[in-house]
Each structure stands twice: as C-alpha cells, then as structure tokens.
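*Asks:* build me a structure from this.
(chains A and B)
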Amino acid sequence: DTEVTQTPKHLVMGMTNKKSLKCEQHMGHRAMYWYKQKAKKPPELMFVYSYEKLSINESVPSRFSPECPNSSLLNLHLHALQPEDSALYLCASSQVPIGGGRETQYFGPGTRLLVL
Amino acid sequence: AQSVTQPDIHITVSEGASLELRCNYSYGATPYLFWYVQSPGQGLQLLLKYFSGDTLVQGIKGFEAEFKRSQSSFNLRKPSVHWSDAAEYFCAVGILTGGGNKLTFGTGTQLKVEL
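*Replies:* Numbers count the residues shown, from 1 in each chain, chains lettered A, B, ... in the order given. Okay, the predicted model is just below:
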C-alpha cells in the first residue's frame, strides 16, 4: 500500500481565518513533506520532517506552520493567508534517506486551497 | 546546483502512436531520477525511477525510461499511447541535503492525446 491521504480535498478561507490541512500515511515512512503547487507549475518544496523533527524549511512565510504530531501524521496550520497563497498543497512521504537522496516520495491527492 | 529541463511544454500525439518525453538534468554526482504523472487536480503518481544499474527501467502503465549519462538525459517512452495517458508529466532529480531528501522537478510536459 503506497497511499497518502489528505483532508480536506478543497478549502476556501478568508484572509483572517485559521485552518489546518491534514496528511496521513501508514506505510511506516519516517520522512514527510509539504509542497505547494501553483497552476501549470511544478511542485515546490515547503517543509521536510524527518523522524518527526523539522529538517528543512524552504524559507516559507510564518503564516504557514507545519506540525508532525507522530510518525503517521503531518499537519499544515494556516493563518492570515494571502490570495496568492491559493494553490494545490501536496503532502508526500518516504523512507528517511540513508544516502544520496534515493528514497522514493509518494504523494497524496492534494488539498485545493482558495484564499479570498 | 542541480536542475532539470523538460524542453517540451506541450506534446500532442494520436492514440496508438509512440511517445517520447524528454528530460535533461544537471547534477554533479550520480543522479537519482524519477518520472511522475499528474492528472488534472490530482496528486503525483510515480511512474518509474532510476537509482543505479540497468539504464533501461520499466514502470507502470507500459512506460519505460532510459538513463544516458553521456547525454545527461532520462527520456520517458511508451510504444502505444492510450487516451487515458493525457496528463502532465514531471521529471525530477532527487538529492540528499543536510536536512533531508529533496526533489527538484522539471517544469513539466503537458500531454494531449488525439482520438
């Protein structure tokens, strides 16, 4: 089973709202990722968690706050977003790479976010 | 720095025709290469990957890719395209950084299939 699930599928929020995106995997992976994808563009890495610790933050604005409460779950807390933050947010997971970046990332279906 | 180039933004083929999507990479060390496919509004599905060994790799849905070090290429091929193959295709290179595993994606190739 290579399934990564994400909820909700769609989210509409105002600029003053607080919302959260959720990602779950049960493959025993210990690395989890958040990507942002704008229309007609490739995914852009936002955050990487390795063994439930934040290991990469790609200079993402603080209005995006990731959280990894356990090895199966990854959240992305959203607050005071801007309309330009509207995008598809993808979660992925992999085994923790032990050398050379060879671990395969498996992606969820994404959450389509619209900020009004 | 590593980079991935997909020269073709759009490709249109007839159903049943063969397909080749181009991917060129720039990376100093041995690359770990992936092809993903994305249907509209969906996540990315892994088609195939190359880590080492045999330079011709087989993937799902009848796709294959060939790694050519001398040309820094990892082109994706399919002998006979089906209408359901219409989607966006991304080539990616995986590297290990101090913080973890990072994928660098190409800009993607949009495939249209004419019936």
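
*Asks:* the lowest-mean-pLDDT helix or strand in chain B: partners in the sheet, and parallel or antiparallel?
*Replies:* The weakest-scoring helix or strand in chain B, judged by mean pLDDT, DSSP states H and E, is strand B:101-105 (a mean of 86). Its sheet considered, strand B:101-105 pairs with strand B:87-96 (antiparallel) by DSSP bridges.

*Asks:* following the least confident helix or strand of chain B, which helix or strand comes up?
*Replies:* With elements assigned by DSSP states H and E, the helix or strand that comes after strand B:101-105 is strand B:109-114.

*Asks:* now that next one, how far from the centre of its chain.
*Replies:* 14 Å (CA atoms, centre = their mean, to the nearest Å).

*Asks:* okay, buried residues for that strand please.
*Replies:* Buried residues in strand B:109-114, counted by 16 or more other CB atoms under 10 Å in any protein chain shown: B:109, B:111, B:113. Where C-beta positions appear, they are placed from N, C-alpha and C, glycine not excepted.

*Asks:* identify, from those, the entry nearest to chain A.
*Replies:* Nearest to chain A among the buried residues of strand B:109-114, counting by CB to the nearest CB, is residue B:109 at 10.8 Å.

*Asks:* kindly state the beta-bridge partners for the closest one.
*Replies:* Bridge pairing for residue B:109 - DSSP bridges - gives residue B:89.

*Asks:* doesn't residue B:85 make contact with it?
*Replies:* No: counting by CB atoms under 8 Å, residue B:109 sits too far from residue B:85 to count as a contact (11.8 Å).

*Asks:* quick revisit: got the CA coordinates for the least confident helix or strand of chain B in CSV?
*Replies:* The C-alpha trace of strand B:101-105 is given here as CSV (Å, rounded to 0.1, in the frame of the first residue of the first chain):
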residue,chain,number,x,y,z
ASN,B,101,15.7,14.4,0.7
LYS,B,102,14.8,17.0,-1.9
LEU,B,103,13.2,16.6,-5.2
THR,B,104,13.9,19.1,-7.9
PHE,B,105,11.2,19.0,-10.6
